[in-house]
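**Student:** mind looking at a prediction? Sequence and model below.
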Amino acid sequence: MTKTTFTGQRHPAASTEAENSVNKVPTETTMNQGGDSSHLSFQLTSHKLNGKNYLEWAQSVRLAIDGRGKLGHLTGETKKPEPGDPKMNAWRSENSMVIAWLLNSMEAAIGKPYLFLPTARDVWEAVRETYSDVENASQIFELKIKLWKVRQGERGVTIYYNEMVSLWQELDQCYNDEWECPKDSVKAMKKEENERVYLFLAGLNQEFDELRSRILGKNPLPTLRETFSEIRREETRRNVMLKLDSNLEGKNIDSSALVTAKNENDKKKKPWCDLCKKYWHTRETCWKIHGKPPNWKKKGADNRGSQAFQSSSEESGLQPSLEVPPFTKEQLELLHKLLQSQLQTSKLDPSTPTCSFSQTGQGLGEDDWQC
């Protein structure tokens, strides 16, 4: 029969904590010169059994005793020799030492009932039967609820993954499945692995939707560790890109600030009147205080002919010209006299084309000429 558990996904934090607790066993080489130092220390782990932490306690104790080569006394592999066997004394000494280790790793009220059990294996099994949650329906239900509710939220992917693995490890300790066929065991483990991948992906944030779709599209589905590794790489890439984008945005803001400052400096260089709030002059030359210059003429003033030209242009759909007329007043008078002489000549000779010119101002237009 094959016993199947799904504890392969060991929680890094839990295993590290267990190893650290094992390393806290005091060094005995200074206490025993050349003897078996393992007999002098009975402090195995910082995890003392209190009735509620059996899983952590059992893992820590197993690691510590296995590290000292005495795990066979817990599993039953180290058999008790027959009476009269020369190895009997050594076995009795090791058995007593392991029992002392176990009792000293429990609280006094917890360890007292196991003080008179004959073998270390008897103590180990009694504690397991009393405090283990194997096939505990209430414990299984509570762990299942926690797993269904776990979401990544604002945490990193690594913290979210480790929390789920820790819950799965506790859940594995609640089962004691045995399979008659090894192939059925492999299939069951793969099915359980896929279920955990689905649950892990379901709790991820929305930003991983695209990667989640790619993972679900693979056949066969990656393992839980492979899935976590791929998600973690994507998270790292996103963090790097966001940092680059924020740096570029900061540079753009700095550039905009420089441009704004430059425009403000340019404005400061222009003359500014604090009375009329206009550029290109100061209070010393402002017309509101000192009046207009004597030689100033308003644009378009004394230009009646130009007004007539503008009126005729508006009627014909033409835009009025704002340019200065090409002829001076003296030139216009001379041109007028020339036209008058031409008119008198045309009266004497009817075959000569006639032309009239009217001018009432400085501006000229197409309608001012009549031929």
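**Tutor:** That came in fine, so what should we check first?

**Student:** any weak-confidence spans in the chain?
**Tutor:** For the chain, the stretches flagged by pLDDT under 70 are 1-42, 244-269, 280, 297-327, 345-371.

**Student:** which residues in it form helices?
**Tutor:** Using DSSP state H, the helices of the chain run over residues 12-23, 54-67, 72-75, 88-104, 108-111, 120-131, 137-149, 157-172, 182-202, 209-216, 224-269, 287-290, 304-316, 329-348.

**Student:** can you tell me how far Leu71 is from Glu94?
**Tutor:** Distance of Leu71 to Glu94, given as C-beta to C-beta, to the nearest Å: 11 Å. All C-beta spots, glycine's among them, are computed from the backbone N, C-alpha and C.

**Student:** these two: who's more crowded?
**Tutor:** Legend: neighbour count by other C-beta atoms under 10 Å for Leu71 and Glu94, higher for Glu94 (20 against 16).

**Student:** in stretch 203-215, what counts as buried?
**Tutor:** 203-204, 208, 211-212, 215 (16 or more other C-beta atoms under 10 Å).

**Student:** contacts for it, please.
**Tutor:** For stretch 203-215, the surrounding residues in contact (C-beta atoms under 8 Å, 6 or more residues apart in numbering) are 150-153, 157, 160, 164, 197, 201, 221-222, 227, 230-231, 234-235, 238.

**Student:** now do Ser93: how many residues are near it, please.
**Tutor:** By the criterion of other C-beta under 10 Å, Ser93 has 12 neighbours.

**Student:** for Leu49, see how far away it is.
**Tutor:** Going from Ser93 to Leu49 by C-beta to C-beta gives 24 Å.

**Student:** make CSV out of the helices of the chain and add distance to Thr45.
**Tutor:** Putting these into CSV (distance: least, C-beta to C-beta, whole Å) gives the following:
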stretch, distance to Thr45
helix 12-23, 4
helix 54-67, 4
helix 72-75, 14
helix 88-104, 9
helix 108-111, 14
helix 120-131, 14
helix 137-149, 23
helix 157-172, 17
helix 182-202, 29
helix 209-216, 39
helix 224-269, 27
helix 287-290, 93
helix 304-316, 104
helix 329-348, 117
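
**Student:** out of those, which is closest to Pro81?
**Tutor:** Closest to Pro81 of the helices of the chain, according to C-beta to C-beta: helix 88-104, at 4.7 Å.

**Student:** give me the angle between the closest one and helix 120-131.
**Tutor:** Per axes from the mean of the first three to the mean of the last three C-alpha atoms, to 10 degrees, the angle that helix 88-104 makes with helix 120-131 is 20 degrees.

**Student:** can you pull the buried residues of helix 88-104?
**Tutor:** By neighbour count with 16+ other C-beta under 10 Å, helix 88-104 contains the buried residues 91, 94-95, 97-99, 101-103.

**Student:** which ones are touching Leu143?
**Tutor:** Leu143 makes contact with 167, 170-171, 174 under the criterion C-beta under 8 Å, 6+ apart.

**Student:** including neighbour count, could the residues you listed go into a markdown table?
**Tutor:** Output for these, formatted as a markdown table (neighbours: other C-beta atoms under 10 Å):
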| residue | neighbour count |
| --- | --- |
| Leu167 | 17 |
| Glu170 | 21 |
| Leu171 | 19 |
| Cys174 | 19 |
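
**Student:** Ala137: which of the residues you listed is nearest?
**Tutor:** Distances from Ala137 to the contacts of Leu143, taken as C-beta to C-beta, are shortest for Cys174 (8.9 Å).

**Student:** does that closest one touch Asn136 like I think?
**Tutor:** Yes. Here Cys174 reaches Asn136: they are 5.9 Å apart, a contact under C-beta atoms under 8 Å.

**Student:** quick one, domains of the protein?
**Tutor:** What automatic domain parsing lists as the domains of the chain is 2-131, 137-239, 304-315+328-370.

**Student:** list the contacts of the closest residue to Tyr114 other than its chain neighbours.
**Tutor:** Once flanking residues are discounted, Tyr114 sits nearest to Val123: 4.7 Å by C-beta to C-beta, 6 or more residues apart in numbering. Shown in contact with Val123 (C-beta under 8 Å, 6+ apart): 99, 102-103, 114, 117.

**Student:** quick one: those as JSON lines, columns for distance to Cys273 too.
**Tutor:** Putting the contacts of Val123 into JSON lines (distance: C-beta to C-beta, whole Å) gives the following:
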{"residue": "Ile99", "distance to Cys273": "102"}
{"residue": "Leu102", "distance to Cys273": "96"}
{"residue": "Leu103", "distance to Cys273": "98"}
{"residue": "Tyr114", "distance to Cys273": "100"}
{"residue": "Leu117", "distance to Cys273": "105"}
